[in-house]
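A.B. asks: Compute the structure for the input listed below.
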Amino acid sequence: TSPCPRRAGVVQCYIKRNRSGTNKLFPEYAVYMKDGDRFLMCSKKRPNNKTSNYLISMGENDLKRSSRNYIGKLRANFAGTEFQIFDAGWNPTAFGDAEEEGAAVRAELGAVIYTSNVLGSRGPRKMQVAIPKLDSDGVARGGDVLSKMKAHDYSPLTSTINK
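C.D. replies: Numbers count the residues shown, from 1 in each chain. Model (predicted):
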């Protein structure tokens with residue numbers, strides 16, 4: 001995969017949520033381009049995890065970690081205020097088994113932090129989003145994005161904050 005070229009301008013998308021039938025507890029989400037309703041990716045909440053954990057796939061209705069369409073996951077903390085986005089690599093604690101198969105350790109692709117506003121639960125929350133900056137070769141070298149955000153070390157990151 002590669003980023004959208006700058007000449008494409010702003011790309012508007014929308015999300016469809018499917019909570020029908022067996023998807024009530026573990027809903028499925030699909031992202032489409034607004035122009036032409038082109039499918040981009042889908043996601044599903046994974047069962048049996050301590051925190052919210054979503055599998056992300058580029059194949060419509062192809063929501064298996066073993067699939068070639070699997071591109072990564074989104075993981076939340078217990079409170080649902082911090083989110084990390086990972087690629088399709090293996091968990092570093094389970095990497096010993098994966099190393100024999102020629103797999104790579106997963107990389108953090110970005111992070112999101114929500115904080116409540118002054119009014120508490122009423123009104124919009126503050127949202128911070130960050131991704132690692134790319135070097136001259138087009139490779140992300142930001143490392144642990146969430147911990148850098150918490151330490152207010154934004155130098156290796158591209159970030160945005162809504163106000």
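A.B. asks: most centrally placed residue in this structure?
C.D. replies: In the chain, the C-alpha nearest the mean C-alpha coordinate belongs to residue 85, at 3.5 Å (CA atoms, centre = their mean).
A.B. asks: Paired strands for the host helix or strand of that residue, with orientation please.
C.D. replies: Under the criterion of DSSP states H and E, residue 85 resides in strand 82-86. Here strand 82-86 is paired, per DSSP bridges, with strand 70-76 (antiparallel), strand 108-115 (antiparallel).
A.B. asks: chain center to it, what's the gap?
C.D. replies: 6 Å (CA atoms, centre = their mean, to the nearest Å).
A.B. asks: So for the closest residue to residue 108 other than its chain neighbours, what's the pLDDT?
C.D. replies: If the residues on either side of it in the chain are set aside, residue 108 comes closest to residue 145, at 5.0 Å by CB to CB, 6 or more residues apart in numbering. For every residue, glycine as well, the C-beta is placed using N, CA and C. As predicted, residue 145 sits at a pLDDT of 92.
A.B. asks: how many other residues sit next to residue 145?
C.D. replies: The burial metric for residue 145, expressed as a neighbour count using other CB atoms under 10 Å, is 24.
A.B. asks: okay but residue 87 is in contact with residue 105, surely?
C.D. replies: No: between residue 87 and residue 105 no contact is recorded; they are 9.7 Å apart, counting by CB atoms under 8 Å.
A.B. asks: who's more crowded, those two?
C.D. replies: Each of residue 87 and residue 105 has its neighbours counted (other CB under 10 Å); residue 87 has more, 17 against 14.
A.B. asks: could you list every residue that touches the more buried one?
C.D. replies: Shown here is residue 87, whose contacts under the criterion CB atoms under 8 Å, 6 or more residues apart in numbering are 71, 72, 106, 107, 109.
A.B. asks: From residue 107, how far off is it?
C.D. replies: Counting by CB to CB, to the nearest Å, the separation of residue 87 from residue 107 is 5 Å.
A.B. asks: Check residue 131 too.
C.D. replies: For residue 131, the distance to residue 107 under the criterion CB to CB works out to 11 Å.
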